[in-house]
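prediction below, plus the sequence it came from.
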Amino acid sequence: MPAFKEYPILYVDDESDNLATFDLNFGDDFTVLTASSGAEALKVLDGRPVAVMVVDQRMPGMSGLETLASARERFPNLVGVLLTAYRDMEVLVGALNGGHVYRYVQKPWDRRELRSVLEQSIERFHLVTQNQELLGRLEELNSYLRSEVDRSLGSTELVGKSAALKAALNVIEKVAPTQSTVLITGESGTGKELAARAIHNGSARSKAPFIRVNLASLAPTLVESELFGHEKGAFTGASAARAGRLELANGGTLFLDEIGELTPEIQVKLLRVLQEREFERVGGTRTIKLDIRLVCATNKELEREVEAGRFREDLYYRVRVFPVHMPSLSQRMEDVPLLAGHFLNTFMTRVGKAFSGFTPEALGLLLAYRWPGNVRELENVVERAMILSSGPMISADDLAFMTVASGGGASPEASPETLPAYLEQLESSRLAESLERNGGSVSKVAKELGIQRTTLYYRLKKYGLVK
């Protein structure tokens, strides 16, 4: 049942006494606007939205039917009620069939009858607009989901067995079933979105939408419309009403990636949403109730942003109810082989090639690199190597775009001519470590590394590790 006061009624009559009587009878229970002519009524409509228009048929200038027809051309959802002191059935039937009039009431009207008609008219308007908004939301949601499918060819799960990742997953597992707001921190490319999806999938909202917004990828002028949606004509280019991401996420989870990029103005509006669980579209007046779980992510230190005055302290404490930190790839290097294998299997269809794995030298290169771009960088490196490779395994030559960087470790985009030198350095270091670990026993090193003693002696002499 809609709240009747939220849906204005415009009563149009050329007699001032009738306008006063209508307002006296219904002004306490409904929001009543009045106009003394059809032309004045159309001006009122230009100033604010109206749910129901009640019009006297006989008026000088524009008749009641003409007024309703003109009003509904501009506002198709408006519900028309015609007051008539005579029964011109041909006119009334034509008006009803034409769709301009929902109900008619004979004058002099009965208060109880007209009140019932007004309530039914508001309920009709509420139902029609609600259905349109639902269809619009479904269309926006379908469009969003199609775009998500297009970008979902990469990793969709957190892969690894390292202690650092297990610690993060343990925290995620504990917070997921709750309704708490979560702030995920960590460097770019560490899997913060995957963590957010894991939280959603582990919650009671798992069957409802998971809606993501990458705030860093949006121009500041577009963020408000993207989050809150907008009504038709709210700004230049708003040719149709559009549901925002908050609306799409209703009942589910909203993931705000890079929340530290929000402007101060949008921070204030988001704070109000979190406090009151309601909002209005840009250019709209109707309040939309909201039921979402908020998960945010940032690669910034929000405490410093608060200290610098770039992020509101009250909003910071609203979004940081439960913190989750994602470790960098350099903190979980033992996961590199697992991740590389995962990406290899994931991208075979995309690149149209089959691979059985990585050579030891190739894995050595991947393990030696420091990965400043984290898991996302590893993902890109594997895909690039697959494109360059002739298969069936990814070799060190396929990673020739990686080389030794200053301070140790490999780095993409340097000249491939340095690769042999790097591989020799890697081999020498590995042999030296094994010798030290096995107390200088060549036999034990050969067994550990799985190579022949004669080959091992040659390698050790080459690098000056034995006399």
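Noted; the coordinates are in hand.

mean confidence for stretch 351-365?
Averaged across stretch 351-365, the pLDDT comes to 90.

that stretch: end-to-end distance?
Using C-alpha to C-alpha, to the nearest Å, the end-to-end distance of stretch 351-365 comes out at 22 Å.

tell me how far it is from the chain's mean position?
Chain-centre distance of stretch 351-365: 34 Å, with C-alpha atoms, centre = their mean, to the nearest Å.

in that stretch, what's buried?
351, 355, 358, 361, 362, 363, 364, 365 (16 or more other C-beta atoms under 10 Å). Every C-beta, even on glycine, is put in place using the N, C-alpha and C of the backbone.

same deal with stretch 281-298?
281-284, 288, 290, 292-298.

pLDDT of that stretch, averaged?
Averaged across stretch 281-298, pLDDT comes to 91.

how long is that stretch end to end?
End-to-end distance for stretch 281-298: 26 Å, by C-alpha to C-alpha.

same thing with stretch 310-328?
End-to-end for stretch 310-328, by C-alpha to C-alpha: 25 Å.

still on that earlier bit, among the buried residues of stretch 351-365, which are in strands?
residue 358 (DSSP state E).

which residues in the stretch 201-350 of the chain form strands?
210-214, 253-257, 278-279, 288-289, 293-298, 322-325 (DSSP state E, counting those that start in this stretch).

nearest spatial neighbour of residue 463, chain-adjacent residues omitted?
Spatially, and ignoring its direct neighbours in sequence, residue 463 is nearest to residue 428 (4.2 Å; C-beta to C-beta, 6 or more residues apart in numbering).

list the residues that contact the nearest residue to residue 5 once chain neighbours are set aside.
Leaving aside its sequence neighbours, residue 5 sits nearest to residue 31 (C-beta to C-beta, 6+ apart; 5.5 Å). Shown in contact with residue 31 (C-beta atoms under 8 Å, 6 or more residues apart in numbering): 4, 5, 6, 7, 8, 9.

in the chain, which residue is most central in space?
Taking C-alpha atoms, centre = their mean, the centroid of the chain lies closest to residue 212, which sits 2.0 Å from it.

and the closest residue to it other than its chain neighbours, how far from residue 249?
Spatial nearest neighbour of residue 212, chain neighbours left out: residue 255 (4.3 Å); criterion: C-beta to C-beta, 6+ apart. Applying C-beta to C-beta, to the nearest Å, the value for residue 255 to residue 249 is 8 Å.

ok, residue 227 next?
Per C-beta to C-beta, residue 227 is found 10 Å from residue 249.

for residue 312, same thing?
Shown here: residue 312 relative to residue 249, a distance of 22 Å by C-beta to C-beta.

follow-up on the earlier one: what touches both of residue 255 and residue 249?
Common contacts of residue 255 and residue 249, defined by C-beta under 8 Å, 6+ apart, comprise 210, 211.

returning to that earlier point: and the strands of the stretch 201-350 of the chain as a markdown table, adding distance to residue 451?
A markdown table is the format used below for the strands of the stretch 201-350 of the chain (distance: least, C-beta to C-beta, whole Å):
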| stretch | distance to residue 451 |
| --- | --- |
| strand 210-214 | 49 |
| strand 253-257 | 47 |
| strand 278-279 | 66 |
| strand 288-289 | 69 |
| strand 293-298 | 46 |
| strand 322-325 | 41 |
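
of all those, which one comes closest to residue 433?
strand 322-325 (31.2 Å; C-beta to C-beta).

in TSV: the buried residues of stretch 281-298, plus distance to residue 191.
Formatted as TSV, these follow (distance: C-beta to C-beta, whole Å):
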residue	distance to residue 191
281	33
282	33
283	37
284	37
288	32
290	28
292	22
293	19
294	19
295	13
296	15
297	10
298	14
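
between those residues, which is closest to residue 441?
Closest to residue 441, out of all of those and judged by C-beta to C-beta, is residue 297, at 50.2 Å.

is it true that the closest one touches residue 258?
Yes: using C-beta atoms under 8 Å, residue 297 is in contact with residue 258, at 6.7 Å.

ok, the nearest residue to residue 238 once chain neighbours are set aside - contacts?
Among residues not flanking residue 238 along the chain, residue 230 sits closest, at 5.2 Å (C-beta to C-beta, 6+ apart). Going by C-beta under 8 Å, 6+ apart, residue 230 touches 238, 241, 242, 244, 281, 282, 283, 284.
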